[in-house]
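Undergrad: Provided below are the primary sequence and the corresponding predicted coordinates.
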Amino acid sequence: GFAELEVAARETYIQRYAPAAAYWSDRAPSPNFMADFRAQVLTVAQNHHAVAQQTDALRPARTAAFQHAALRYQQALDLMPEAQDAVDVRMRLADALYEGTRFSDAAAQYHRLAYEHDRHARSEEAALASVQAYQRQVDALPDGHKTEAQRQVITASLMLAETYTTHPERARVMLVAAETSFDLAQYQEALELAEAVRALPDLASPLRHDATAVVADSQLALADFPAAEASYLALRGGMDPSDARFEAVTEQLAVAIYRQGEQARDDARWADAAEAFARIIEVTPTSQRRPAAAFETAVMRVKAEDWAAAAAAFEAFRQRHPDHAQVADADKWLTLVYVKADQKGLAAGAFERVAARASEAAGIREEAAWQAADLHRQAGHYRAAKPAANVAGAGGGSCRIAAMDARDPCCRPIGRPRAYRPVRIPGRPGAPDVGPRQRRAGQTNWPENSHQHHVAATNGGGVRSRRPSLCGHCLRLRRHRARGDLRNGLGVSR
């Protein structure tokens, strides 16, 4: 249309009569001509700028139009740098560069307007625009190439805060500097900047909330966990539970408390560690760290030898998290806790759960079953001891029924305890002899097989006790019992 023809004619005029064109090789342009020529350049620049803004953002022609507009704005500035409208023209140049995605160049022009020109009506606007341009540059760069642009964001933000102390966006810009410092892992600087934001008078509630978040995150990163806990509590206290960020803040609060528990655990301060882990359950009951904290609480009670509290903690863990992977370990810890607390029946029950768990190794299950049987016997629960002994015997490495000891009710059939019955040894004084056929066959008057045999324990009268010997497994068990190591071989992991 006519507008396109007009712009094309103006472009031809600019190219032919520019001050550096051949037309002026033997003469100099007059001031009036220069003023008119500059006006033509600005008209073309504004036309390209308007066309670019009206073009679909996805079309390549949009970027090209912004670039052409920026070129003409820069030409107008070069023609008359001290013109009265120089500030306005440079602002348009910066806007065209910004909209044309040349963010770094745009930020440089905004910076000149804010800090290199005399103070003018658009100084504060330009200072804020420089920060925004650097932020867009950070967003446009790929990961791993953002560091320099992020430093420029911090520098521009601090310059605005120091130069324009009454700027309406000063607090927000300082917060941007704090957040960017945190992203660069400059946690101490981020903490100081965020604290400075919180100290500003008449700070809007959303900004105070965001500044507190930076403070809390920085304290956590600096391993100041008690301070981080207090900051997260304050942050969460000002939030509605329906807020989408509420859960994330709760998780961070749980991390701050959990780290305190880990520090106390590493320093062997078991009671302090237990209190810290237990605080997670109380303060952040919905946290994903609650199961781990509950288990650690119980373990720390064991370390502190607080058997009653440890048992209660492990039982609560088993009941609340029955499908957790550490329930098996909780049962193993309970075997120790109940034995130490002299609660043999409960200890036997814990051993029975270990023995019944198919995921355990066969040796661990058999050992646990024998421990359960032994504890039932010590508690006088003979009828409960026999099934456990049979489970242990099913492993193949035990004495089972053949290992029954007349003095050990848990290794005898259920019933009244029976006294020793002396058996006369053939060939001894006062003992009946056997016939020739029995002697040739090597038979005696007691049973004997590969696993049950009688140990000669002759007394002065030639009487042997009817006491079967024990296999190696049972002998090891008795040694464990003698030294009180009833959890030997159960493989408890924390």
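TA: Thanks, I have the structure now. Numbering: from 1, shown residues only.
Undergrad: quick one: Gln219 and Leu235 touch, right?
TA: No. Under the contact definition of Cβ atoms under 8 Å, Gln219 does not touch Leu235, with a separation of 11.2 Å. C-beta here means a position set from N, CA and C on the backbone, and glycine is covered the same way.
Undergrad: and the closest residue to Gln152 other than its chain neighbours, how many neighbours?
TA: Leaving aside its sequence neighbours, Gln152 sits nearest to Tyr134 (Cβ to Cβ, 6 or more residues apart in numbering; 4.6 Å). Using other Cβ atoms under 10 Å, the number of residues around Tyr134 comes to 29.
Undergrad: what helix or strand is Tyr134 on?
TA: Secondary-structure assignment from DSSP states H and E places Tyr134 in helix 123-140.
Undergrad: next one: that helix to chain centre, how far?
TA: With Cα atoms, centre = their mean, to the nearest Å as the basis, the distance from the averaged C-alpha position of helix 123-140 to the chain average is 34 Å.
Undergrad: what packs against the helix or strand following that helix?
TA: Towards the C-terminus, the helix or strand next in line after helix 123-140, according to DSSP H and E, is helix 147-163. In terms of contact count using 3 or more Cβ pairs under 8 Å, 6 or more residues apart in numbering; DSSP states H and E, helix 147-163 is assigned the packing partners helix 103-111, helix 123-140, helix 170-183.
Undergrad: which residues does stretch 62-76 contact?
TA: Contacts made with stretch 62-76 from outside it, assessed by Cβ atoms under 8 Å, 6 or more residues apart in numbering, are listed as 14, 38, 41-42, 44-46, 48-49, 51-52, 55-56, 89-90, 92-93, 96-97, 99-102.
Undergrad: kindly report the same for stretch 39-49.
TA: With contacts defined as Cβ under 8 Å, 6+ apart, stretch 39-49 is touched by 3, 7, 10-11, 13-14, 65-66, 68-73, 75-76, 79, 89, 92, 95-96.
Undergrad: how many other residues sit next to Asp266?
TA: 9.
Undergrad: ok, it to Gln260 distance?
TA: Applying Cβ to Cβ, to the nearest Å, the value for Asp266 to Gln260 is 11 Å.
Undergrad: isn't Ala52 up against Thr101?
TA: No. With contact taken as Cβ under 8 Å, Ala52 and Thr101 are classed as non-touching, separated by 11.5 Å.
Undergrad: following the lengthiest helix in the chain, which helix or strand comes up?
TA: Of all segments of type helix in the chain, defined using DSSP state H, the longest is helix 31-54. For helix 31-54, the succeeding helix or strand toward the C-terminus, using DSSP H and E, is helix 60-79.
Undergrad: the next helix or strand after that next one - contacts with which helices or strands?
TA: Elements were assigned by DSSP H and E; along the chain past helix 60-79, the next helix or strand is helix 86-99. For helix 86-99, the elements it packs on are helix 31-54, helix 60-79, helix 103-111, helix 123-140, judged by 3+ Cβ pairs under 8 Å, 6+ apart.
Undergrad: any chance of those in TSV, plus distance to Pro206 and mean pLDDT?
TA: Compiled in TSV, the helices and strands packed on helix 86-99 are given as follows (distance: least, Cβ to Cβ, whole Å; pLDDT from 0 to 100):
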stretch	distance to Pro206	mean pLDDT
helix 31-54	31	92
helix 60-79	33	92
helix 103-111	26	96
helix 123-140	18	96
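Undergrad: wait, Arg38 sits on Met80?
TA: Yes. Counting by Cβ under 8 Å, Arg38 touches Met80, with 5.8 Å between them.
Undergrad: quick check, Asp243 in a strand?
TA: No. The secondary structure assignment for Asp243 gives coil rather than a strand, going by DSSP: H, G, I helix; E, B strand; the rest coil.
Undergrad: counting neighbours, what do you get for it?
TA: Other residues within reach of Asp243 by the criterion other Cβ under 10 Å amount to 13.
Undergrad: from here on, count from 17
TA: From this message on, residue numbering opens at 17, which makes the last subject Asp259.
Undergrad: distance of it relative to Arg188?
TA: Separation of Asp259 from Arg188 (Cβ to Cβ) stands at 20 Å.
Undergrad: next one: Ala55
TA: Between Ala55 and Arg188 the computed distance is 39 Å (Cβ to Cβ).
Undergrad: okay, the two: which has more neighbours?
TA: Looking at Ala55 and Arg188 with other Cβ under 10 Å, you find the greater number of neighbours at Arg188, namely 17 against 11.
Undergrad: so the more buried one makes contact with Leu223?
TA: Yes. In this structure Arg188 lies within contact range of Leu223 using Cβ under 8 Å: 6.4 Å.
Undergrad: tell me, what's touching the two both at once?
TA: Common contact partners of Arg188 and Leu223 (Cβ under 8 Å, 6+ apart): none.
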